[in-house]
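Undergrad: here are the coordinates; sequence isn't available:
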């Protein structure tokens, strides 16, 4: 047995993210039993038959003797889940989450858990696929990926260290940020692009000549809209949970787009080229830097 | 020698698109000599040393005895190129182009070529990479790709057939559309996404905490912004050349985005999910259909 070992891990929401975490912990050999909790009995049975989880239980039963409980359901469910968990949460159990937004879950945890909020260590693995559901889970989804930890002042150092070690066992690298900083960063680099991609596809399918247009959509469209294939429920929740930071980014984006529109209208070739050159250079530099670090396609 | 053969093909603008066409025609064995014309002597020398072109010439010299002249420079240069070409254009030569916009180049050709416009067959290969320049040229770039032909009433049937056969020799499939229809389709599925991707990266690099944000940008950002690494000059020209259709698409997009913003502001989870579900379903369906046809990643 490794020095790091969780005898009973509870995954609440066994989809892509939760399922991949279960598989990764099993692969790393740091977990005894994985218990799955979820809304859909069929999906939990599927997870069990795939070997992603070992047992299926209610949240109340799962909590008994749990070393670690990981919330992986769409973020809007966190308050209700934490509220239901609170009476059954034992002193030795660590709770963490895998949500894409952090300020909202911290507020939910403070309200729902009261003093027990000290046991809750907020986290966000930066990984995903445009596929969802447990069938899409991979045992190496987190390999080389970043995980952001937003520890609370109330957290015990050892609990934060355990959550960090748990993620590092999956091959991920951990980084610490404040929840506010986290939410601003991800509104800009993740939530806004998802919203923009959904918006573009929505516009296209509502066009009169949608079929013709989709027929001639090429590789640029494919890459730009890949994230528009993501889970509607998950992204609905994220947009609302990170409302404030996202609305700020949308406001800025509307201004950038309005400026480009004016340049196009006025035929301001020089101005347009200035913006495009700056963006293109930055994107290429980012791609090169990223390829050097992750050894993947830029 | 194949039934299809062009003894002397002139490529004006030997970058990714023109260079890939030259390589593809050589691979298909349907071309004698490929002559390169361009603004940069260094880039033409590079093309020659890579075996992409066989000769370098001025437009005037290149036109002498040419079977086919293909305009592959950024679209804003087409009028000046056609104007310079007109006195030297011989009766047996076909002229075509590879530009992403069609109404503008047709107007330019009518003005610059006068009666000789009958020799100009407008075309648009739907292929590209986020890399540009002759070093990025591939001899199979057009394999399985679509090419849109927008023939003029003035064109001889045999000239249209020759341009079609030329593209088919590269492995592409040809489709016929009106120029207006073409410009509306590509404003929606290509020009708008490029503009939106440039805008997102421009917003990010202008942020105070740009470095932190870029550091945490993940796979969604990578795919969404890949096209923002494209040639600034080319896209500046396209945006201005297809101004009318693009402005219509931007106006619609602003409305779609404003609607989503209101839904987020009001916490309208149901409304947001409705839009996301429709977009996500359409994107997944498109990806599946496309994968079935092209045997590539959706």
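TA: Happy to help now that I have it. Worth saying up front: this structure is predicted, and the values here are computed from it rather than measured.

Undergrad: For the residue lying closest to residue A:129 once chain neighbours are set aside, give me its contacts.
TA: The spatial neighbour of residue A:129 that comes closest, neighbours along the chain excluded (CB to CB, 6 or more residues apart in numbering or on different chains), is residue A:136 at 5.7 Å. (Glycine included, C-beta is placed from N, CA and C.) Counting by CB atoms under 8 Å, 6 or more residues apart in numbering or on different chains, residue A:136 touches A:15, A:16, A:19, A:129.

Undergrad: Tell me the most packed of the residues you listed, by neighbour count.
TA: residue A:19 (30 neighbours; other CB atoms under 10 Å in any protein chain shown).

Undergrad: ok, it touching residue A:137?
TA: Yes. Using CB atoms under 8 Å, residue A:19 is in contact with residue A:137, at 3.0 Å.

Undergrad: what sits against residue A:275?
TA: A:259, A:260, A:263, B:198, B:199, B:202.

Undergrad: Most neighbours among the residues you listed, please name it.
TA: Neighbour max across the contacts of residue A:275 (other CB under 10 Å) = residue B:198, 30 neighbours.

Undergrad: which residue is nearest the centroid of chain A?
TA: The C-alpha lying nearest the average C-alpha coordinate of chain A belongs to residue A:100 (CA atoms, centre = their mean; 4.0 Å).

Undergrad: Quick check: phi and psi at it.
TA: Phi and psi for residue A:100, reported as degrees, to the nearest 10, are phi -80, psi 0.

Undergrad: With adjacent residues omitted, what lies nearest to it?
TA: For residue A:100, ignoring the flanking residues on the chain, the nearest one in space by CB to CB, 6+ apart is residue A:238 at 5.0 Å.

Undergrad: same check, this time on residue A:259
TA: Nearest residue to residue A:259, sequence neighbours excluded (CB to CB, 6+ apart): residue A:275, at 7.9 Å.

Undergrad: and the one you found, that's in a helix?
TA: Yes. Under DSSP: H, G, I helix; E, B strand; the rest coil, residue A:275 falls within a helix.

Undergrad: Distance check, it against residue B:239.
TA: Residue A:275 sits 10 Å away from residue B:239, taking CB to CB, to the nearest Å as the criterion.

Undergrad: try residue A:34
TA: Residue A:34 is 52 Å from residue B:239, where distance means CB to CB.

Undergrad: any idea how far residue A:188 is from the residue nearest to residue A:259?
TA: Relative to residue A:188, and taking CB to CB, residue A:275 is found at 17 Å.

Undergrad: now swap in residue A:140 and tell me
TA: Distance of residue A:140 to residue A:188, given as CB to CB: 27 Å.

Undergrad: what does residue A:53 give?
TA: In terms of CB to CB, residue A:53 sits 35 Å off from residue A:188.

Undergrad: Helices along chain A, start to end?
TA: With helices called from DSSP state H, chain A shows them at A:16-28, A:41-49, A:59-63, A:78-85, A:103-113, A:157-168, A:179-186, A:192-206, A:210-215, A:219-225, A:232-241, A:243-265, A:269-294.

Undergrad: So which bits of the longest one are buried?
TA: What that stands for is helix A:269-294. Within helix A:269-294, the residues scored as buried using 16 or more other CB atoms under 10 Å in any protein chain shown are A:269, A:271-273, A:275-276, A:278-280, A:282-284, A:286-287, A:290.

Undergrad: which stretches of chain A have low pLDDT?
TA: A:1-2, A:130, A:293-298 (pLDDT under 70).

Undergrad: What parts of the stretch 1-150 of chain A come near chain B?
TA: Residues of the stretch 1-150 of chain A lying close to chain B (CB under 8 Å from any CB of the partner chain) are A:76, A:126, A:127, A:128, A:145, A:146, A:148.

Undergrad: rerun that using 10 Å as the cut-off
TA: A:76, A:124, A:126, A:127, A:128, A:129, A:130, A:131, A:132, A:145, A:146, A:148 (CB under 10 Å from any CB of the partner chain).

Undergrad: Give the closest residue to the second one in space, chain neighbours not counted.
TA: Nearest in space to residue A:124, with sequence neighbours left out and distances taken as CB to CB, 6+ apart, is residue A:148 at 4.6 Å.

Undergrad: likewise the fourth one?
TA: Nearest non-adjacent residue to residue A:127, counting by CB to CB, 6+ apart: residue A:145, 4.4 Å away.

Undergrad: Out of the buried residues of helix A:269-294, give me the two with the largest separation.
TA: Using CB to CB, those span at most 30.9 Å, a distance reached by A:269 and A:290.

Undergrad: before we move on, back to that, of the helices of chain A, give the one that comes closest to residue A:8.
TA: Per CB to CB, nearest to residue A:8 of those: helix A:59-63, 8.3 Å.

Undergrad: Next, the buried residues of the closest one.
TA: A:59, A:62, A:63.

Undergrad: Give me the more crowded residue out of residue A:140 and residue A:188.
TA: residue A:188 (28 against 13).

Undergrad: That one and residue B:215 touch, don't they?
TA: No. Between residue A:188 and residue B:215 there is no contact under CB atoms under 10 Å: 11.7 Å.

Undergrad: Overlap in contacts, those two.
TA: Each of residue B:209 lies in contact with both residue A:188 and residue B:215 under the rule CB atoms under 10 Å, 6 or more residues apart in numbering or on different chains.

Undergrad: what touches both of residue A:19 and residue A:137?
TA: Shared contacts of residue A:19 and residue A:137, defined by CB under 10 Å, 6+ apart, are found at A:47, A:50, A:52.

Undergrad: which of those lies closest to residue B:158?
TA: Nearest member of the shared contacts of residue A:19 and residue A:137 to residue B:158, counting by CB to CB, is residue A:50, at 60.7 Å.

Undergrad: mind listing what the nearest residue to the closest one once chain neighbours are set aside touches?
TA: Leaving out its chain neighbours, the residue that sits closest to residue A:50 by CB to CB, 6+ apart is residue A:134, at 6.5 Å. By CB under 10 Å, 6+ apart, residue A:134 lies in contact with A:13-16, A:18-20, A:22-23, A:36, A:38, A:40, A:43-44, A:46-50, A:52-53.

Undergrad: same question, residue A:247
TA: Contacts of residue A:247 by CB under 10 Å, 6+ apart are A:187, A:239, B:261, B:264, B:265.

Undergrad: Now tabulate those in JSON lines and tack on neighbour count and distance to residue A:86.
TA: Output for the contacts of residue A:247, formatted as JSON lines (neighbours: other CB atoms under 10 Å in any protein chain shown; distance: CB to CB, whole Å):
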{"residue": "A:187", "neighbour count": "25", "distance to residue A:86": "29"}
{"residue": "A:239", "neighbour count": "28", "distance to residue A:86": "27"}
{"residue": "B:261", "neighbour count": "19", "distance to residue A:86": "35"}
{"residue": "B:264", "neighbour count": "23", "distance to residue A:86": "29"}
{"residue": "B:265", "neighbour count": "13", "distance to residue A:86": "31"}
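
Undergrad: ok, the residues you listed vs residue A:179, which is closest?
TA: Among the contacts of residue A:247, and counting by CB to CB, the member closest to residue A:179 is residue A:187, at 12.3 Å.
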